[in-house]
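*Asks:* model this:
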Amino acid sequence: MSVARVPLDLPGAPVPAPVEVSTEALVEVVAHGRARRLLELTVATGLLVALAPVLAVVALLVKGSSRGPVLYRQRRVGVGGRPFEIVKFRTMRRDAEDHAAALFAQRNDGSGPLTKIHADPRVTRVGRVLRRFSLDELPQLWNVLNGTMALVGPRPTTPTEVARFADRDHRRHAVRPGITGISQVSGRSDLDWEDAVTLDLQYVAARSLRLDLLILLRTLPAVLRGRGAY
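*Replies:* Residues are numbered from 1 along each chain as shown. Predicted structure coming up:
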């Protein structure tokens, strides 16, 4: 599949049928890996240095706005279905996990296996701003450096969500999860789960350095629009 055929926006047109992924796509191949890894290390290191003042200010805001740690660590599922620990700026109250089961028993705005709530009452005022502009995701640059995540790829889900996956959904784990991805520049949480998986599998089948660069270029405008961010 050529890069041009992979949609990076959903203007209301039907989403293409699921793409069959070859056996070779079940691992990160060398041809796509070396140049991509060099790009990841260069960009992630540069961003961590350039954004150091922003990271410091966000850390102070999180610490000053509510009690609890600055960073939030959560178990997610990565490439090959292997678990890893994702790092984010904390956007919820310290006791958020204690109330999760009761909240999701009453309401779940997430599509498919995902668990999400619009206007989640556990999110702090600072946390809402961080989520609106995806600033809470910046610590994941460390995940990129340690190799558990990529700059571009399907967003990682929790083990609980993965347990509810359909068979084809697991094919997202053929590549490392990303900080951004084709679904993130096409609507994020506003996308239906089936549409998001279709886009992710198209990325898995068509991934290339050129496609990664195109998605990265479209990430900042998508973040500033804030579509699907909650």
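*Asks:* where in this protein is pLDDT low?
*Replies:* Scanning the chain for pLDDT under 70 picks out the ranges 1-32, 108, 110, 189, 226-230.
*Asks:* okay, strands next: where are they in it?
*Replies:* Listed in chain order, the strands of the chain (DSSP state E) span 71-77, 83-89, 150-152, 178-180.
*Asks:* out of those, which comes closest to residue 34?
*Replies:* strand 150-152 (13.2 Å; Cβ to Cβ). Backbone N, C-alpha and C define where each C-beta goes, glycine included.
*Asks:* okay, the strands of the chain in JSON lines with mean neighbour count and distance to residue 140 next?
*Replies:* Listed next are those as JSON lines, based on neighbours: other Cβ atoms under 10 Å; distance: least, Cβ to Cβ, whole Å:
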{"stretch": "strand 71-77", "mean neighbour count": "16", "distance to residue 140": "10"}
{"stretch": "strand 83-89", "mean neighbour count": "18", "distance to residue 140": "6"}
{"stretch": "strand 150-152", "mean neighbour count": "27", "distance to residue 140": "9"}
{"stretch": "strand 178-180", "mean neighbour count": "26", "distance to residue 140": "5"}
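*Asks:* how about those, which one is nearest residue 209?
*Replies:* strand 150-152 (9.7 Å).
*Asks:* partner strands of the closest one and their direction?
*Replies:* Its sheet considered, strand 150-152 pairs with strand 178-180 (parallel) by DSSP bridges.
*Asks:* in JSON lines, list the strands of the chain along with distance to residue 212.
*Replies:* Formatted as JSON lines, those follow (distance: least, Cβ to Cβ, whole Å):
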{"stretch": "strand 71-77", "distance to residue 212": "20"}
{"stretch": "strand 83-89", "distance to residue 212": "20"}
{"stretch": "strand 150-152", "distance to residue 212": "4"}
{"stretch": "strand 178-180", "distance to residue 212": "9"}
